[in-house]
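Participant: sharing a model prediction with you, sequence too.
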Amino acid sequence: MSSLIQWYPGHIAKAEKALLEQLKRVDVVIEVRDARIPFSSQHPKIKTWIADKSHVLVFNRVDMISESVRSQWVQWHRKRNQMVYFTDAQAGKGIKELLKAAQVAGVKINERRKTRGMLPRPVRAVVIGFPNVGKSAVINRLLNRRAAESSNRPGVTRQLRWIRISDQIELLDTPGILPPVLHDQDAALKLAICDDIGEAAYDNTLVAAATIDLLIKLQAPLSDRYGIDPLNPPLESGLDYIMTLAETDRFKGDSERVARQILHDYRKGRLGAIALELPSLD
């Protein structure tokens, strides 16, 4: 891709400053990533933010990856002595296990408080993740009610606020927080493909073309969906595929419409459950 992808809405800098203040009060960090791109949707500062706190790692949108890919991630994290929780927050899947994990962390915290002669208190957890990875949907499921505004647009949550789940847990809802500069443009591209950053950050046609290039490598069933096989005759690039598809009767020369359709189809799982990142199991 020739154009840089950068997106840093004004509220994010303010939100990050507020988060750093609130982190002093937090016991447990619930980190939400996009299951399709777990590496690319990891904030580079997360290890600093976790420090000595309990860490609960969540891969949301598990419905958009295959069982095989899920198993690979479980194996990869097991080798690193880490548990990963898989959720489909829209459907409420995996939420009970996640809530239990946060409660277990809280028990350990209160055991430590007891040994110091302190009274027990609700565990304070923060939910952190990039924009649009499903943090608010996860929170709403944990609460079993709509408390956090949830949308499929990045950047809906703007302010930090504490929400009580029960007598045992308080949750801090945070806006999606991005680094000020996206140095890793390969990761930025995947965030754009998965709709995890704002549309103003990128050119739809270039991102859709890169999506096609990735999907060809992953052997996605493009010809089943669009009626054109990118390998027969072989097309030089994803952009060629878009331009070829635009010339069909369905799109009547509108390459921008083709680009939007491709991105929409991938994001809605209409091309299948396709992960864009896999762990190395060496």
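Facilitator: Okay, I see it.
Participant: residues near the residue nearest to G227 when sequence neighbours are not counted, how many?
Facilitator: Spatial nearest neighbour of G227, chain neighbours left out: T248 (7.4 Å); criterion: CB to CB, 6 or more residues apart in numbering. The C-beta positions use only the backbone N, C-alpha and C, and glycine is treated the same way. Neighbour count for T248, taken as other CB atoms under 10 Å: 13.
Participant: ditto for P131
Facilitator: Using other CB under 10 Å, P131 is surrounded by 23 other residues.
Participant: now swap in H77 and tell me
Facilitator: Using other CB under 10 Å, H77 has 16 other residues around it.
Participant: for the residue nearest to G227, helix, strand, or coil?
Facilitator: For T248, the assignment made with DSSP: H, G, I helix; E, B strand; the rest coil gives coil.
Participant: then the one 4 residues further on?
Facilitator: Per three-state DSSP, the local secondary structure of K252 is coil.
Participant: from T48, how far off is the residue nearest to G227?
Facilitator: Distance, T248 to T48, using CB to CB, to the nearest Å: 50 Å.
Participant: could you name the helices and strands sitting against the strand or helix carrying Q103?
Facilitator: Using DSSP states H and E, Q103 maps to helix 95-115. With contacts defined as 3 or more CB pairs under 8 Å, 6 or more residues apart in numbering; DSSP states H and E, helix 95-115 has these neighbours: strand 28-34, strand 54-60, strand 84-87, strand 123-128, helix 135-143, strand 169-173.
Participant: mind listing what's buried along the fifth one?
Facilitator: Meaning helix 135-143. 135-143 (16 or more other CB atoms under 10 Å).
Participant: give me the pLDDT for R121.
Facilitator: R121 is assigned 88 on the pLDDT scale.
Participant: list the contacts for it?
Facilitator: Contact analysis of R121 by CB atoms under 8 Å, 6 or more residues apart in numbering lists 110, 113.
Participant: domain map for this structure?
Facilitator: Residue ranges for the domains of the chain, per automatic domain parsing: 10-173, 203-267.
Participant: could you dump these to JSON lines with distance to A192?
Facilitator: Below are those laid out as JSON lines (distance: least, CB to CB, whole Å):
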{"stretch": "domain 10-173", "distance to A192": "10"}
{"stretch": "domain 203-267", "distance to A192": "5"}
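Participant: out of the ones you listed, which gets the lowest mean score?
Facilitator: When I compare these, domain 10-173 is least confident, with a mean of 87.
Participant: just how off-centre is that domain within its chain?
Facilitator: Remark: domain 10-173 is offset 12 Å from the chain centroid, using CA atoms, centre = their mean, to the nearest Å.
Participant: list the buried residues of the helix or strand containing K17.
Facilitator: Per DSSP H and E, K17 falls inside helix 10-22. Buried residues in helix 10-22, defined by neighbour count with 16+ other CB under 10 Å: 12, 15-16, 19.
Participant: no further queries at this time; thank you.
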